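S.K.: Task: produce atomic coordinates for the following.
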Amino acid sequence: MPHNTFTRWKLTYILDRFNLWRWEKSNPGSPWLAQGAIQFLDQYLQKSDVILETGSGRSTIWFARRVNTVHSLEHHSGWHAQVSQMIQQQGVSNIIYHLQSNAFSAQPADSPYVQCVKNMPDQHFDMVLVDGKHRGDIAMLALNKVKPGGIIVIDNVERYLPLDIILHDTMPNAEHPGGAWAAFGEKTQQFRRATFNNGITATMVLFVPQSNA
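M.R.: Have a look, this model is predicted:
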């Protein structure tokens, strides 16, 4: 990379990081998603919705204030305890909070974390947020767990699927996904989608067709 190009890239990265830090300081209760995705979800979600998020945090309460029921899945017992305390302190009662180990013996699909999602009813959720652990396996399961016409949201999508944008944190192998992500990309190639980014990372929203065969 030429020196001038590298310098511009570095300065852009610093600016994007500063803007992200400033935004998060001003919005301490918002999810750790690209800002455009947060704005979209704030308008899109309805009070009748039932959603699943894998990986919990401040997003858990944020979602709970906008929908009917949040199923939230967490693998870390210490973090689960902290978020449980936050939920109790804020008097939120529409969260079903699951604690499941992400350990596995042969492959990620064997873990209690993934099995928890697998055992949830099919076509039950208006939205599934793919975050947290074992994201490829969770994304594949989400295809059956989301209602026709619902959405699948993938955080840090630049790590897993090819994008038409270049981000500072893009992982090299995202251009050639393997395993579950390759299968997910093939199954969703005709889905309508919207990708939001802040220069550092990206969040993708996939719209599941009304007929999700």
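S.K.: mind listing the helices for the protein?
M.R.: Remark: helices assigned in the chain by DSSP state H are 3-26, 35-44, 58-64, 77-89, 112-118, 135-145, 179-187.
S.K.: so who does the nearest residue to Val117 once chain neighbours are set aside touch?
M.R.: Computed as Cβ to Cβ, 6 or more residues apart in numbering, the closest residue to Val117 that is not its neighbour in sequence is Leu141, at 5.0 Å. (C-beta placed from N, C-alpha, C; glycine too.) Taking Cβ atoms under 8 Å, 6 or more residues apart in numbering, we find Leu141 in contact with Val114, Val117, Lys118.
S.K.: what about Glu53, distance to Lys47?
M.R.: 17 Å (Cβ to Cβ, to the nearest Å).
S.K.: who's more crowded, these two?
M.R.: Ranked by neighbour count (other Cβ atoms under 10 Å), Glu53 and Lys47 place Glu53 first, with 26 against 8.
S.K.: unless I'm mixing things up, the more buried one is touching Val70, no?
M.R.: Yes. Counting by Cβ atoms under 8 Å, Val70 is a contact partner of Glu53 at 6.6 Å.
S.K.: remind me, longest strand of this structure?
M.R.: strand 146-155 (DSSP state E).
S.K.: Give the burial count for Gln46, as a bare number.
M.R.: Neighbours around Gln46, by other Cβ under 10 Å: 10.
S.K.: Now do the contacts for the closest residue to it other than its chain neighbours.
M.R.: Leaving aside its chain neighbours, Gln46 sits nearest to Val67 (7.1 Å; criterion: Cβ to Cβ, 6+ apart). Contacts for Val67 (Cβ under 8 Å, 6+ apart) come out as Leu45, Gln46, Lys47, Ser48, Asp49, Val50, Ile51, Asn94, Asp126.
S.K.: Model confidence score at the first one, please.
M.R.: As summarised for this prediction, Leu45 has a pLDDT of 98.
S.K.: OK, contacts around it?
M.R.: Ile51, Phe63, Arg66, Val67, Asp126, Met127.
S.K.: Could you list the low-pLDDT ranges of the chain?
M.R.: 1-25, 27-28, 165-177, 212-213 (pLDDT under 70).
S.K.: If we use 80, what do you get?
M.R.: Residue ranges of the chain with pLDDT under 80: 1-30, 164-178, 199, 211-213.
S.K.: can you count the residues close to Gly179?
M.R.: By the measure other Cβ under 10 Å, the count of residues near Gly179 is 12.
S.K.: so it touches Arg135, yeah?
M.R.: No. With contact defined as Cβ under 8 Å, Gly179 does not count as touching Arg135 (11.0 Å).
S.K.: Can you get me the start-to-end distance on stretch 138-153?
M.R.: End-to-end span of stretch 138-153 (Cα to Cα, to the nearest Å): 11 Å.
S.K.: Tell me which residues touch Gly29, please.
M.R.: Listed by Cβ under 8 Å, 6+ apart, the contact partners of Gly29 are Arg58, Ile61, Trp62.
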